[in-house]
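Visitor: Here is the input, now give the coordinates:
(one chain, ligands or ions: 1)
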Amino acid sequence: MQNYHPIAGVLRDKVILITGAGDGIGAKVSKSFASYGATVVLLGRTIAKLERVYDEIVSAGGPQPAIYPLNLEGAGLRDYQELATVIRSELGQLNGLLHNAALVGDLTSIELYDAAVWQQALQINLTAPFLLTQACLDLLRSSSNPRIVFSTHQIKSAYWGAYSVAKAGVERLMQILADELSGEHQIIHVNAIAPGDLCSPLIKRSFPGKDTSRLPAIENAIPTYIYLMSNDSDGVNGKILDGQGNILE
Ligand SMILES: NC(=O)c1ccc[n+]([C@@H]2O[C@H](COP(=O)([O-])OP(=O)(O)OC[C@H]3O[C@@H](n4cnc5c(N)ncnc54)[C@H](OP(=O)(O)O)[C@@H]3O)[C@@H](O)[C@H]2O)c1
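Guide: Predicted coordinates for the structure are as follows:
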């Protein structure tokens, strides 16, 4: 899919839920999805950040978005079921689900890793996407050409602890889901993007003191997010793409 240039309106008539939509990749991808015609549901834990993204979409003339404040750390299956019910009643459909929110947690050795932070990171990075997916499956199935996309990070080196372990789990979750759902009458395409290190708040926080300004901008990876959310990626299923759209696995 290299050199993908989405056509105007490629996401028109789609409703897409984005987690971690208030900052970093989630904020830029949400604005971009809206600029290509999608109605976006902005989920995150900091309302002021979500409102800023909302305002920017509205002032750019995009379809009216929705804000859904939720802290993935404390949310349980019922919270996600309620979210799916609200989207069904207010918007009538859900064509895309982007699991993007993330918490890096501690950057330390496994030997020294704090058990409570380990639980927190696994909850936000892995268990929350599992529960949210489960709650949204019926709604996705009843919507046209549905997609689930995960933001992943293929980081396997020392000190990345629970974040790295959770992302490995996310990739396996994606592959299992893609396999389970591919035989259905209404196929739900399930894929992941590993954008590589980008100049984002998460990377800046993770490398204090390092000049991250030379890293690729978030914008470089956005066409891949659009591609996997659009009907242009029909037939691509169970794959991990890099930020340029190359299939890694
Ligand atoms: N940046 C990169 O270079 C890179 C590389 C590979 C993969 N990724 C993946 O891309 C995704 C986005 O990364 P990013 O760099 O944009 O990260 P980011 O700038 O740290 O943004 C993460 C977002 O997740 C939200 N979030 C965190 N904990 C949450 C919780 N408990 N409940 C609800 N929302 C929560 C944050 O909300 P607040 O703003 O309120 O804190 C924030 O909006 C992640 O899945 C990451 O693993 C990023």
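
Visitor: part of a strand, is I148?
Guide: Yes: counting by DSSP: H, G, I helix; E, B strand; the rest coil, I148 is part of a strand.

Visitor: That one and L140 touch, don't they?
Guide: Yes: contact criterion Cβ atoms under 8 Å: I148 and L140 qualify, at 7.1 Å. Using the backbone N, CA and C atoms, a C-beta is placed for each residue, glycine as well.

Visitor: When those two are compared, which one has more neighbours?
Guide: The residue with more neighbours, out of I148 and L140, is I148; 27 against 23, by other Cβ atoms under 10 Å.

Visitor: Now do the same for S109: its pLDDT.
Guide: S109 is assigned 98 on the pLDDT scale.

Visitor: Could you check the pLDDT of the residue lying closest to it once chain neighbours are set aside?
Guide: The shortest distance from S109 to any non-neighbouring residue, by Cβ to Cβ, 6 or more residues apart in numbering, is to Y159 (6.2 Å). Per-residue confidence (pLDDT) for Y159: 96.

Visitor: Just confirm Y159 is within a strand.
Guide: No: counting by three-state DSSP, Y159 is not found in a strand; it is coil.

Visitor: circling back to that earlier point, tell me, what's touching I148 and L140 both at once?
Guide: Counting by Cβ atoms under 8 Å, 6 or more residues apart in numbering, the common neighbours of I148 and L140 are 97, 188.

Visitor: Any residue of the lowest-mean-pLDDT helix or strand in the chain touching the ligand?
Guide: Sorted by mean pLDDT, DSSP states H and E, the helices and strands of the chain end with helix 201-206, the least confident at a mean of 89. Yes: contact of helix 201-206 with the ligand (Cβ under 6 Å from any ligand atom) involves 201-203.

Visitor: Ramachandran angles for V190?
Guide: The phi and psi torsions at V190 (degrees, to the nearest 10) take the values phi -130, psi 120.

Visitor: The closest residue to it other than its chain neighbours: neighbouring residues, count only.
Guide: The shortest distance from V190 to any non-neighbouring residue, by Cβ to Cβ, 6+ apart, is to A178 (4.0 Å). Other residues within reach of A178, judged by other Cβ under 10 Å, total 20.

Visitor: repeat for I47
Guide: Around I47 there are 13 residues (other Cβ under 10 Å).

Visitor: With Y68 instead?
Guide: The burial count for Y68: 17, using other Cβ under 10 Å.

Visitor: Show me where the chain has its strands.
Guide: Per DSSP state E, the chain carries strands over the ranges 15-19, 39-44, 66-69, 96-99, 147-151, 189-194, 240-242.

Visitor: could I get these as JSON lines with mean pLDDT and distance to the ligand?
Guide: Putting these into JSON lines (pLDDT from 0 to 100; distance: least, Cβ to the nearest ligand atom, whole Å) gives the following:
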{"stretch": "strand 15-19", "mean pLDDT": "98", "distance to the ligand": "6"}
{"stretch": "strand 39-44", "mean pLDDT": "98", "distance to the ligand": "5"}
{"stretch": "strand 66-69", "mean pLDDT": "98", "distance to the ligand": "9"}
{"stretch": "strand 96-99", "mean pLDDT": "98", "distance to the ligand": "7"}
{"stretch": "strand 147-151", "mean pLDDT": "98", "distance to the ligand": "4"}
{"stretch": "strand 189-194", "mean pLDDT": "98", "distance to the ligand": "6"}
{"stretch": "strand 240-242", "mean pLDDT": "97", "distance to the ligand": "10"}
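
Visitor: okay, these in TSV with distance to A116 next?
Guide: Putting the strands of the chain into TSV (distance: least, Cβ to Cβ, whole Å) gives the following:
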stretch	distance to A116
strand 15-19	22
strand 39-44	22
strand 66-69	24
strand 96-99	23
strand 147-151	24
strand 189-194	27
strand 240-242	30
